[in-house]
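> I would like to see how this sequence folds:
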Amino acid sequence: MIGQEIREVERKVISILKILSDSPEPVGARLIASRLKDCGVCLSERGVRYHLLLLDERGLTRNAGRRDGRLITQSGLNELHNALVGDRVGSAMARIETLTYQISFEPEERVGNVPINVSLFPEDKFTQALEVMRNIYSSRPCFSDLVAIAGEGDKLGEVTVPKGKVGLATISGIVISGILLRSGIPLDFKFAGVLQIRNRECVRFVDLINYTGSSLDPSEVFIASKMTSVSDVVREGNGKIIASFCEFPALALSKAEAVIRQLETAGITGLYKIGGDGETVCETPVGMSRVGMILSDGLNLVAVASEAGIEVKNHAMSGVIDFEKLRSLQDLQNTGK
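Alright, predicted model coming up:
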C-alpha cells in the first residue's frame, strides 16, 4: 500500500515536470492544477504549491518570481527523461496508433491533416542546414520535400519552438498508415532500422529497434547516434538510411499500391520497396499471406544536416499539421526564405 502511494506521488511530480517542460514560459500553480485536471490528475492548487516547493529543494524547478511561476531546470529535464521508463515501454507504438487516427489527409484534394516530425535547429545554423538539405530534397531517401518552418515561440504540431531555435516540420511516414487504414487496409509497423543501401538498392537492415518494445522513437536514436550516411547514398548510391518495415494483408496489395500512387502525386514518396505474398524483403522474413513494405523515414532529410555537423534536436511523431501549411524546399529556395 505504501509503495502504491509513493508511486502515485511520483506520477504527480512527473506530470508537473512534464507540464513545465512543455512551456517556454514560467507556469504558476493555478495553471498547473488546471492542466493536471485535463490529464486526469486531481491535485488542488495548494497541493501543486507544496509539490513545487519540494521540486525547488531537489533542484528540479526554480522560482521565476512570485507572480511568474516556475521553470524546469536541466536537472528536472533529466529526471523527467529517466522517470517511469517502464510506463513508456511501447510508447512509440502507442504514438503511431494515436496519430494514425488523427490523420484526415485526402491525397486527391491535397487537404487535411498530416503527421509530422519536428526538428529544432540553432537560429544561426538554420540557413546552413537548409542549404545542406536542399542538396538532397528530390532524392530517393527522402520521404517528402514538403516542410513547414516556425520561429521562436511558435508551435509546430505539439512542439513550441524555444528561444534561439528554428523549428522544421517534416512529414512522418505514419501518414501512409492513416491513408491505408481509411481505405480498409491495416498497416502493421514492425520496426524501424538502419537500412544498408548498395548500388542504390536496399540490401538489409543492419540495426533495428522494435516499436512495441521501445520508449523512444527509433529515428531519433539513430540520428543522435550518428548511424546514418544519407549523404553518401545520395552522392554514391552506397550508405545507410533510416527506414521502417511494415506488413499488411496480401489480398490488399493492389489496393495499397493504388493508394501509394495517389500519395506520390501529392508529393509524398516514402515507399522504398514492396514485396509480394509471403516474400522476404531485404532479408527480412514476412508472415504467410502478408506483404512486406519498406518506407523511407521522414527524418532522413534532417539526418543529412546532422551528418554535416549541424546541431539538431528531433521530436519524431509530434502531432499533425494542415497540409496546406507545408511548402517544398524548392519553393523556399526560389523565394530565398
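
> buried sites along stretch 171-186?
171-180, 185 (16 or more other C-beta atoms under 10 Å). For the C-beta atoms, the positions are set from N, CA and C on the backbone; glycine is no exception.

> and the helix or strand where V147 lies, which strands flank it?
Taking DSSP states H and E as the definition, one finds V147 inside strand 146-150. According to DSSP bridges, strand 146-150 forms sheet pairs with strand 165-171 (antiparallel), strand 327-328 (antiparallel).

> isn't M288 right up against G278?
Yes: if you go by C-beta atoms under 8 Å, M288 and G278 touch, sitting 5.5 Å apart.

> okay, those two: which has more neighbours?
Of the pair M288 and G278, G278 is the one with more neighbours under other C-beta atoms under 10 Å, namely 14 against 7.

> and that one, what pLDDT?
What the model reports as pLDDT for G278 is 95.

> checking it next. Helix, strand or coil?
Assigned with DSSP: H, G, I helix; E, B strand; the rest coil, G278 falls in the coil class.

> helix or strand: which one has E247?
In this assignment (DSSP H and E), E247 forms part of strand 239-249.

> returning to that earlier point: check which helices and strands the helix or strand that comes right after the strand holding V147 sits against.
Next in sequence after strand 146-150, counting helices and strands by DSSP H and E, comes strand 155-156. Judged by 3 or more C-beta pairs under 8 Å, 6 or more residues apart in numbering; DSSP states H and E, the packing partners of strand 155-156 are strand 165-171.

> do that again at 7 Å, thanks
Judged by 3 or more C-beta pairs under 7 Å, 6 or more residues apart in numbering; DSSP states H and E, strand 155-156 is in contact with no other helix or strand.

> which residues does that strand contact?
Residues outside strand 155-156 that contact it (C-beta atoms under 7 Å, 6 or more residues apart in numbering) are 116, 118, 148, 150, 167, 169, 321.

> re earlier: most packed of the strands paired with strand 146-150?
A comparison of those by mean neighbour count, using mean count of other C-beta atoms under 10 Å, puts strand 165-171 on top with a mean of 25.

> now do the same for K18: its pLDDT.
K18 is assigned a pLDDT of 85 by the prediction.

> my read is that it contacts L77, right?
No: in this structure K18 lies outside contact range of L77 using C-beta atoms under 7 Å: 10.4 Å.

> per-residue confidence for R327?
On the pLDDT scale, R327 gets 93.

> same deal with F205?
Taking F205 on its own, its pLDDT is 97.

> most neighbours, which of the contacts of strand 155-156?
Most neighbours among the contacts of strand 155-156, by other C-beta under 10 Å: I116, with 31 neighbours.

> check which helices and strands the helix or strand containing that residue sits against.
Using DSSP H and E, I116 maps to strand 113-122. With contacts taken as 3+ C-beta pairs under 7 Å, 6+ apart, strand 113-122 sits against strand 165-171, helix 174-182, strand 313-315, strand 320-322.

> residues touching L195, list them.
By C-beta under 7 Å, 6+ apart, the contact list for L195 reads 202, 205, 240-241, 243, 294.
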